[in-house]
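> the following block contains a protein sequence and its predicted model.
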Amino acid sequence: YCERRGFQFQAIDLRWAISTEAVLDHRVMQICFDEIRRSQEVSPGVNFLALLGNRYGWRPLPEEITVEEFRRLDLAATQLDVFGQQQPMVAVLRRWYRLDENSRTPVYVLQPRLNSNSGEPDGRDYATASTWHEVAEVLWQIINSAFPASDLRDRFTKQSSINTALPSLVRFQASNVEQEIWQGLFRTSNPEHHTLAFFREIAPLQNVEDISLLRTFFDVADGEIDLIAQDAQRELKQAIKDRLGENAVTLKPDARLA
């Protein structure tokens, strides 16, 4: 179709080719952002396609944070209880977020999981999911205290542009998909000229016993649909519709989950 009209077509899926090393180095989001930026620079026409179902998705730890954001997290950590083996939360925060003074604007960087990388080797393998989960759980407790997820409802009240930084709350609490949509849609000019969005809406039955099936289509917490995630997804879809108009299409399958 494109070739007949003198164009080249290349599909880039942000879920393809993310290496294990990139995951352990906490570079997943930066890789995705770079691909979005490259698509926007190379393609004069459609350069971003958003496909959204009913799952809000994975919320990544921010790979970089500003000095001011770190201070806010540090204050929250000092006010929280100690964690695990009598190790204060503030120690966990300071171990895994380290200041990069070589950056033009100093930032705190989430350290790789390939080793302790902190000058304090403890012999633990943070590349394993179970060990890293312990660290991530503490970091999320700190983040949820300093940047509550409940504040996400206000994230679309201010108009964003390519010249404005991604809001702190979005980087700390929004899903990876929403953060990509901010880069590909909300922080661009005239998105209706180069962005398309398709939504799938599924009406779930109550009391679904197959949790694995439920997780395929919805965010699940404590064996039930995560209503907070559902609200965040609904707000995201509405914001996209407000920006794209006719370029945001909703598909409603007849089938229900059984």
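Nice, thanks for sending it over. Not measured: the values here are computed from a predicted model. Numbers count the residues shown, from 1 in each chain.
> could you use CA atoms for every contact and neighbour count after this?
Fine.
> burial count for the nearest residue to Glu69 once chain neighbours are set aside?
Distance criterion Cα to Cα, 6 or more residues apart in numbering; nearest residue to Glu69, sequence neighbours excluded, is Ser168 at 7.9 Å. Neighbours of Ser168 under the rule other Cα atoms under 10 Å: 15.
> then Pro167?
Pro167: 14 neighbours (other Cα under 10 Å).
> so what's it up against?
The contact partners of Pro167, by Cα atoms under 8 Å, 6 or more residues apart in numbering, come to Arg155.
> sorry, back to before: from Glu3, how far out is the residue nearest to Glu69?
42 Å (Cα to Cα, to the nearest Å).
> returning to what we had before: for the residue nearest to Glu69, phi and psi?
phi -50, psi -50 (degrees, to the nearest 10).
> and stretch 183-195, how far out from the chain's middle?
18 Å (Cα atoms, centre = their mean, to the nearest Å).
> list the buried residues of that stretch.
Gln183, Gly184, Leu185, Phe186, Arg187, Thr188, Pro191, Glu192, His194, Thr195 (16 or more other Cα atoms under 10 Å).
> the closest residue to Ser175 other than its chain neighbours: how many residues sit nearby?
Nearest non-adjacent residue to Ser175, counting by Cα to Cα, 6+ apart: Arg59, 4.2 Å away. Neighbour count for Arg59, taken as other Cα under 10 Å: 16.
> state the phi and psi torsions of Arg59.
According to degrees, to the nearest 10, Arg59 has phi -110, psi 110.
> check contacts around it.
By Cα under 8 Å, 6+ apart, the neighbours of Arg59 are Gln173, Ala174, Ser175, Asn176.
> ok, now how distant is it from Ala203?
Taken as Cα to Cα, the span from Arg59 to Ala203 is 24 Å.
> now stretch 35-50: how far from the chain's centre is it?
Using Cα atoms, centre = their mean, the offset of stretch 35-50 from its chain centre is 19 Å.
> quick one: buried residues of it?
Ile36, Ser39, Gln40, Asn47, Phe48, Leu49, Ala50.
> nearest to Pro112, of the residues you listed?
Nearest to Pro112 among these: Ile36, at 23.6 Å, using Cα to Cα.
> residues in contact with the closest one?
Asn47, Phe48, Glu180, Gln183, Gly184.
> after the strand or helix carrying Thr216 comes which helix or strand?
Using DSSP states H and E, Thr216 sits within helix 211-217. Downstream of helix 211-217, the next assigned helix or strand under DSSP H and E is strand 220-221.
> please enumerate residues in contact with that following strand?
Against strand 220-221 from outside (Cα under 8 Å, 6+ apart): Leu214, Asp226.
> just the buried positions in stretch 213-232, please.
Neighbour-count burial for stretch 213-232 [16+ other Cα under 10 Å]: Leu214, Phe217, Phe218, Asp219, Val220, Glu224, Ile225, Ala229, Gln230, Ala232.
> quick one: the spatially most central residue of the chain from Pro60, how far?
Centrality entry for the chain: nearest residue to the mean C-alpha point is Asn176, 2.2 Å, by Cα atoms, centre = their mean. Distance of Asn176 to Pro60, given as Cα to Cα: 6 Å.
> could you do Ala129 as well?
Following Cα to Cα, the distance that separates Ala129 from Pro60 is 14 Å.
> give me the more crowded residue out of the two.
Pro60 (18 against 10).
> how much space separates that one from Glu3?
Distance from Pro60 to Glu3, by Cα to Cα: 38 Å.
> and the helix or strand containing Arg234, what does it pack against?
According to DSSP H and E, Arg234 maps onto helix 227-244. Contact here means 3 or more Cα pairs under 8 Å, 6 or more residues apart in numbering; DSSP states H and E; on that basis helix 227-244 packs against strand 195-200.
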